[in-house]
Structures are given as structure tokens and as C-alpha cells.
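Q: Kindly generate the corresponding structure for this input.
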Amino acid sequence: MTAQEQEVAKKLRAICLALPGTEETSNHGHPTFKVKRKAYAVLHGPEGEPAIAVKVGKDMQAVFLRDARFYRTPHAHQHGYVSLHAKGKLDWDEVAELVQGSYGLSAAPKKRKT
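A: I've put the predicted structure just below:
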């Protein structure tokens, strides 16, 4: 990891681990934050191109994808995830809001089909 990626990981870790029931794991070497065994934030991307994946829900994906800072998360976009380019200056208040929203979607009990 580059120095910038280490700094992003440190700040993302602080946001995620402040949320109840969060555990940090590693998925293919990427820091992955889970609640109730469900991932809600992942630092991923090739070296030098870090990104933060969060769940926004399928109904909100298109809204985020209109913003060039976001793109479809590889291997997870079909589950309502988008990724935020994390290279350069980030608004960490915005990142915290995204992470908290994703956490809420992942921590919520599944809806029962009737």
C-alpha cells in the first residue's frame, strides 16, 4: 500500500470501527468492514488507485453514478454497491455519511417475503 492508501485505510478504519458490532476482515488483501457478517465498506482497487466501496441500494445507485467520483463496484454492483475514487483529497464527513448509510443498510434485518 502506498502512503496515501495507508492514510485512507487509517481514516476509514476509524470511521468503521466506531460503529457498533463492526469487525474488520481482509478480502483478497483489502480491508473489509462488516456488521452481522455482511460487508458494508471495503477499501479496494489497484495500487495507486484506491477506492472505497459502500452499499447505497439498487434504487440509489443511478443517482451516485451520475457523479464522476463514483463507479460501479466490481463484483458487488448488482447488490447495490458503488465505489468512491479515494485518490486525492476526500471530504471525510461525506465518507462518514456514506459509510454510516451503508452500515444501516447492512445491519438492518432482511425483509421477509410475504
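Q: From now on I want contacts and neighbour counts done on CA atoms only, so please keep to that.
A: Fine.
Q: Tell me where this structure is predicted with low confidence.
A: By pLDDT under 70, the weakly predicted segments of the chain are 110-114.
Q: For it, which segments count as helices?
A: 3-17, 58-65, 92-107 (DSSP state H).
Q: Same list, those helices, but as JSON lines with distance to Pro31 and mean neighbour count please.
A: Formatted as JSON lines, the helices of the chain follow (distance: least, Cα to Cα, whole Å; neighbours: other Cα atoms under 10 Å):
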{"stretch": "helix 3-17", "distance to Pro31": "8", "mean neighbour count": "16"}
{"stretch": "helix 58-65", "distance to Pro31": "22", "mean neighbour count": "14"}
{"stretch": "helix 92-107", "distance to Pro31": "14", "mean neighbour count": "18"}
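Q: Could I get the ones you listed in a markdown table, plus columns for distance to Pro74?
A: As requested, the helices of the chain are exported to a markdown table (distance: least, Cα to Cα, whole Å):
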| stretch | distance to Pro74 |
| --- | --- |
| helix 3-17 | 19 |
| helix 58-65 | 13 |
| helix 92-107 | 17 |
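Q: For Arg72, which of the ones you listed is the nearest?
A: The closest of the helices of the chain to Arg72 is helix 58-65. By Cα to Cα, the value is 7.4 Å.
Q: Could you point out which of the helices of the chain sits nearest Ala51?
A: Here helix 3-17 is closest among the helices of the chain (Cα to Cα), at 9.2 Å.
Q: For the closest one, name the packing helices and strands.
A: strand 22-27, helix 92-107 (3 or more Cα pairs under 8 Å, 6 or more residues apart in numbering; DSSP states H and E).
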